[in-house]
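# can't give you the sequence, but here's the structure:
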C-alpha cells in the first residue's frame, strides 16, 4: 500500500509557470541544444548514476512516456528533474531547486497518483497520447504503388494505401479528403450517436443527415439480418459489409476490423482510449495483395506484411512505432 502523503504541493508546484521556467533552464543545460538525451548518457551524470531499483523503474517509466524508453525528451526531463528537486518533509514535498537523489526524493517517494499528476502538468498532451501529425513531404508520392507498398517504412506503406483508398469526398467538417476506411469509421460513429434520435425512417434519415453534415454520400444503408452482423452500406464506389470493403468499379477489396481501443499498458500506442479500424488485407484485384500482421497487440501499427506483387511474395518487417498519425492509422480518440 502506498504511503499516504499530501499531493497538493507537488501538484501545484509543477503547474506553476515560473517553476517550469526554472526547470527548463536546468534541462537546456543538460540537453545542450539537442532534442533528447539517451538514458545511457544520462546515467553517466553523477546525479543519476546511483539510483535505487525503484528509482530506476521510475526512470524507465518516465523515459517511455513518448513510447521510446531509450531516451528522454525535454518534456520527460521535466518530469524527471522535478522529482529529483522534490524532497519529502513532514508528509509534504518541498521544492528548493537543489536537484538530488536520496531516499526522500520525489523519484523514490512519489506515489503513482502523484507521478501521474506531474506527468499531466509537465508533458504535452499529444506526447502522452503518443499521437503525431505525419510530415508527408519527405515521401515521394509519385513513386509506383508497388514500390511504396513494399517500403520497410511502415508510415510510407500506410500512406500509400490511404492514398489508394481516397474516396475523393471532402468532409466539410474538417475540410479534408477522406479515405474509405476513415469514411466508414465516421459513418458508423454517426450511426451510433443517432440511436438517441427519434427518426421516423432510421436508415434513410441517418444516411441523409450524415451526407448533409459531411458531404460524404451513403446509400443502401441497412442493418444486416443477424444481431452482431453490423451494418451494410455503400459510400461512393465502395460497398461495406461485415468487415469487407469492395470497390464496385476497380475490383479492389479490403478486409478490416473495427474495434474499441484501450490504453491498457505503459507501451500502448496510441496511449489514449478510442476506436480504430485496422486494415488486415488489401487486394487490388489485379494480383497485388498485402496482408498485414499485428504481432504487438498494444500497437496500432503492423509489425510486418506479406506482400505479393506480380506473383512474387515477400515479407517486409517494420520497426515498432512509438507514436502514430491517427488519420493514417484510422484512429479516433474518445
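Received the coordinates, thanks. None of the values given here were measured: they were computed from a predicted structure.
# do you know how far residue 266 is from residue 279?
26 Å (C-beta to C-beta, to the nearest Å). For glycine as for every other residue, the C-beta is placed from the backbone atoms N, C-alpha and C.
# show me the shaky parts of the chain.
1-8, 224-229 (pLDDT under 70).
# what's the separation between the residue of it most remote from its centre and residue 9?
Distance from the centre of the chain peaks at residue 90, with 40.3 Å (C-alpha atoms, centre = their mean). Look at residue 90 and residue 9: by C-beta to C-beta, they are 11 Å apart.
# just residue 281 next, same as before
54 Å.
# likewise for residue 79?
Counting by C-beta to C-beta, the gap from residue 79 to residue 9 is 16 Å.
# and for residue 42?
Using C-beta to C-beta, residue 42 is found at 26 Å from residue 9.
# thinking again about what came up before, more neighbours: residue 281 and residue 9, which one.
Set side by side, residue 281 and residue 9 show more neighbours around residue 9, with 18 against 15, by other C-beta atoms under 10 Å.
# who are the contact partners of that one?
By C-beta atoms under 8 Å, 6 or more residues apart in numbering, the contact list for residue 9 reads 92-95.
# kindly recompute the last result at 10 Å.
With contact set as C-beta atoms under 10 Å, 6 or more residues apart in numbering, residue 9 has these partners: 86, 88-89, 91-95, 114.
# what's the answer for residue 157, then?
Taking C-beta under 10 Å, 6+ apart, one finds 148-151, 290, 292, 301-302, 305, 307, 316, 318 in contact with residue 157.
# state the phi and psi torsions of the nearest residue to residue 250 once chain neighbours are set aside.
Closest residue to residue 250 apart from its sequence neighbours, by C-beta to C-beta, 6 or more residues apart in numbering: residue 285 at 6.4 Å. Dihedral pair for residue 285: phi 80, psi 0, per degrees, to the nearest 10.
# mind checking how far residue 285 is from residue 150?
From residue 285 across to residue 150, the span is 18 Å (C-beta to C-beta).
# which one of those two is surrounded by more residues?
Counted by other C-beta under 10 Å, residue 285 and residue 150 do not tie: residue 150 has more neighbours, with 18 against 12.
# could you find the closest non-adjacent residue to the more buried one?
Nearest residue to residue 150 in three dimensions, chain neighbours excluded: residue 307, at 5.6 Å (C-beta to C-beta, 6+ apart).
# which element follows the helix or strand where the one you found lies toward the C-terminus?
Assessed by DSSP states H and E, residue 307 sits inside strand 304-309. Later in the chain than strand 304-309, the nearest helix or strand by DSSP H and E is strand 312-317.
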